[in-house]
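Peer 1: Provided below for reference: sequence and predicted model.
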Amino acid sequence: MMKIFHKIKQWLLYIFFPNTCFCCGRDLPHDNQSPLCRDCTIKLEPVCGLICQRCGLPLKSGGAHCFNCRGSKAAKYKCSYIRSALCFNEPSRALIHAFKYEKYIRIAKFFAPLMYKTFKENPPFFEAEALIPVPIHKSRLKQRGFNQAEILAKHLAVYCNLPCEDILIRKRKTESQTKLNRKQRQQNITDAFEIKKGAKIKGRAFILIDDVCTTGATLEECAKVLKAAGAREVLALTALRE
C-alpha cells in the first residue's frame, strides 16, 4: 500500500513540478535520476587523453606540458598538480550554472562521483590528508547562501574517506574572474586569501576543491598561502576544466 502512495506522490510531483533536462529543457521521466537527458549526457566530455602533466589542460598537439607550465616555468607554481573531471562544454556549463546561480544544490551529487573517478585515476591525490574548498567572500556567501566548492568538497569527502577542512578565508572581495584574461585574473586574486587561526597546516598535503578551473589563478593563490604556512604539498581537483 505504501508503495502505491509513493508512486502517486511521485506522479503528482511530476505533474506540478516536471523534471526537465538542465541543458536542452527536454522533459525527463518522473523517475529519472540524472539532471540531463540521454543526448546531453552523451555530450559530456571527461578530461582525458593528452593533458598537461601539471595543470591538466587538454593538449591538442600533444606534449607533456602546456605553454604556461613548460620548462623551468613549472617550478614557480605552488599548486603542483591539477586535475578536473569534465571539460567545460554546453551541457557541463548548463549544470554548473544551475548549481551556482540558480541554487540547484542537488547537482553536486551528480558531480561528486565523477570527481571521485578522477581522484582514483590520479595516484598523486592518494597522499593527501584533507580536502579544502576554495572559499568565497562573506558578501557573496550572504548573497548566494552557499559556497559551491564547499558543497562539492563535502560530497567528495564521503567518497574519498577524507576530512573536508574549511580552513581558508577569502579576506578580500574580488571581481568576478569570468571576463578577465590570465594576467588580470592573477592580479585580481592576489593576496585575497588567508588561513583561519589555529588551522593545522605544517607538514600536511591537501587537495583544493573548486567548481571550475580556467587558468588556475585562484587555485595557485590558495596554494601559495598554504605553502607559506608550511603545507608539504598542495594539489587541486575541480568539477570542470575550461
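Peer 2: Received the coordinates, thanks. Numbering: from 1, shown residues only.
Peer 1: and what about the residue nearest in space to the middle of the chain, helix, strand or coil?
Peer 2: Nearest to the mean C-alpha position of the chain, counting by C-alpha atoms, centre = their mean, stands residue 211 at 2.6 Å. Three-state call for residue 211 (DSSP: H, G, I helix; E, B strand; the rest coil): strand.
Peer 1: so what's it up against?
Peer 2: By C-beta atoms under 8 Å, 6 or more residues apart in numbering, the contact set of residue 211 is 96, 99-100, 148-149, 152, 238-240. The C-beta positions use only the backbone N, C-alpha and C, and glycine is treated the same way.
Peer 1: try 7 Å
Peer 2: Residue 211 is in contact with 96, 100, 148-149, 152, 238-240, counting by C-beta atoms under 7 Å, 6 or more residues apart in numbering.
Peer 1: for residue 40, same thing?
Peer 2: Residue 40 neighbours (C-beta under 7 Å, 6+ apart): 21, 23-24, 91.
Peer 1: quick one, which of these are buried?
Peer 2: Buried members of these, scored by 16 or more other C-beta atoms under 10 Å, are 21, 23, 91.
Peer 1: those in helices, which ones?
Peer 2: Under the assignment DSSP state H, these contribute residue 91 to helices.
Peer 1: got TSV for the buried ones among the contacts of residue 40, with distance to residue 117 and pLDDT too?
Peer 2: Shown next, in TSV, are these (distance: C-beta to C-beta, whole Å; pLDDT from 0 to 100):
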residue	distance to residue 117	pLDDT
21	22	93
23	21	96
91	17	98
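Peer 1: coming back round to it: distance to residue 197 added to the contacts of residue 40, as JSON lines?
Peer 2: Formatted as JSON lines, the contacts of residue 40 follow (distance: C-beta to C-beta, whole Å):
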{"residue": "21", "distance to residue 197": "45"}
{"residue": "23", "distance to residue 197": "43"}
{"residue": "24", "distance to residue 197": "48"}
{"residue": "91", "distance to residue 197": "42"}
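Peer 1: ok, which stretches of the protein are helices?
Peer 2: Remark: helices assigned in the chain by DSSP H are 2-16, 38-42, 90-101, 108-120, 138-144, 148-160, 182-189, 217-228.
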